[in-house]
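*Asks:* Model the following, please.
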Amino acid sequence: MAPRTLVIALGASVVAAACTESTGPPLDDQLPPQQEQFEQLTAPDGALRGLRWALEDGAPEFEIVAGEEDEGAGELGLGVVAAPQSGPPRLDRYEVSFWAVRGKRRSIQINYVTDDGFRPFLRFTVPRWALHRRADGTRIRRGEAVLVTVTVNRTQLRADFEPSGLQFSRWSPVVLKIWYGGADWDFNGDGVVDEQDERNKRRLNLWFQDEPGADWYTVPSYHSRRGQWIIAWMSHFTGGQVGY
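*Replies:* Here you go, the predicted structure:
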């Protein structure tokens with residue numbers, strides 16, 4: 001199966017209270033505020049404008065950090081990484097794999113390199129009881145593990161998640177938080193950063209796609225324009241991007 005894709009894109013509108021700052025920012029492991037008011041948006045493939053990295057040196061460099069408060073964090077088994085002699089491991093091939101275990105909270109954070117250090121890009125949190133069913137429909141029991149792979153795009157603020165078909169509990173979905181501070185602020189690509197780009201920023205959303213060529217859709221999310229991040233709650237593995 002193809003990996004699920006996430007993009008940070010600008011949608012047609014922000015339609016739900018759960019996507020605004022009026023309700024107060026949620027904690028990363030909380031369900032979305034006023035979830036019942038959420039209205040899913042859809043867009044055909046090719047209709048979204050994804051955000052691009054603004055780094056002048058081309059493709060960004062990344063590092064991977066395991067969650068400090070995770071249960072059994074030392075057992076994460078972070079794979080497909082290049083380990084330097086000191087400091088957190090750098091991402092090799094812009095991909096990282098780790099073992100998610102039912103009954104243990106696990107999370108990873110991917111930071112990108114700037115001239116003055118590292119800044120956050122992606123945090124992926126698997127709550128204790130989030131793992132529910134595999135792609136073949138079999139239930140995941142307590143203590144059983146699933147190898148999760150996150151692949152970061154080198155040109156767009158975009159990520160792919162595997163294994164596809166993995167399902168999470170509706171009462172304890174996985175939490176994805178994306179910071180878009182490293183994006184090119186010329187959202188519409190007209191060569192200038194102006195009021196139109198600021199208006200487009202208000203329409204940013206996380207968009208997901210189950211397979212290449214399929215329609216994009218949104219999930220319950222919360223957008224902090226002040227903090228320049230979007231947090232979303234996923235019930236199954238997908239991929240996506242930030243854009244409009």
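*Asks:* Spatially central, which residue of the chain would that be?
*Replies:* For the chain, the residue nearest the mean C-alpha position is residue 176 (4.3 Å; Cα atoms, centre = their mean).
*Asks:* my guess is that one contacts residue 126, does it?
*Replies:* No - Residue 176 lies out of contact with residue 126 (Cβ atoms under 8 Å); the separation is 10.3 Å. For glycine as for every other residue, the C-beta is placed from the backbone atoms N, C-alpha and C.
*Asks:* next helix or strand past the helix or strand bottoming out on mean pLDDT in the chain?
*Replies:* Ranked by mean pLDDT, DSSP states H and E, the weakest helix or strand in the chain is strand 81-82, scoring a mean of 40. Of the helices and strands lying after strand 81-82 in sequence (DSSP states H and E), the nearest is strand 90-91.
*Asks:* After that following strand, which helix or strand is next?
*Replies:* Trace forward from strand 90-91 with DSSP H and E and the next one is strand 95-101.
*Asks:* Mean confidence (pLDDT) on that next one, please.
*Replies:* Mean pLDDT, strand 95-101: 87.
*Asks:* Look up which residues are beta-bridged to the residue nearest to the centre of the chain.
*Replies:* residue 124, residue 232 (DSSP bridges).
*Asks:* contacting residues for it?
*Replies:* 6, 122-125, 206, 231-234 (Cβ atoms under 8 Å, 6 or more residues apart in numbering).
*Asks:* Check residue 167 too.
*Replies:* Contacts of residue 167 (Cβ under 8 Å, 6+ apart): 132-134, 235-237.
*Asks:* Mark which of the residues you listed are buried, thanks.
*Replies:* Buried subset of the contacts of residue 167 (neighbour count, 16 or more other Cβ atoms under 10 Å): 132, 235-237.
*Asks:* In strands, which of those appear?
*Replies:* Under the assignment DSSP state E, the buried ones among the contacts of residue 167 contribute residue 132 to strands.
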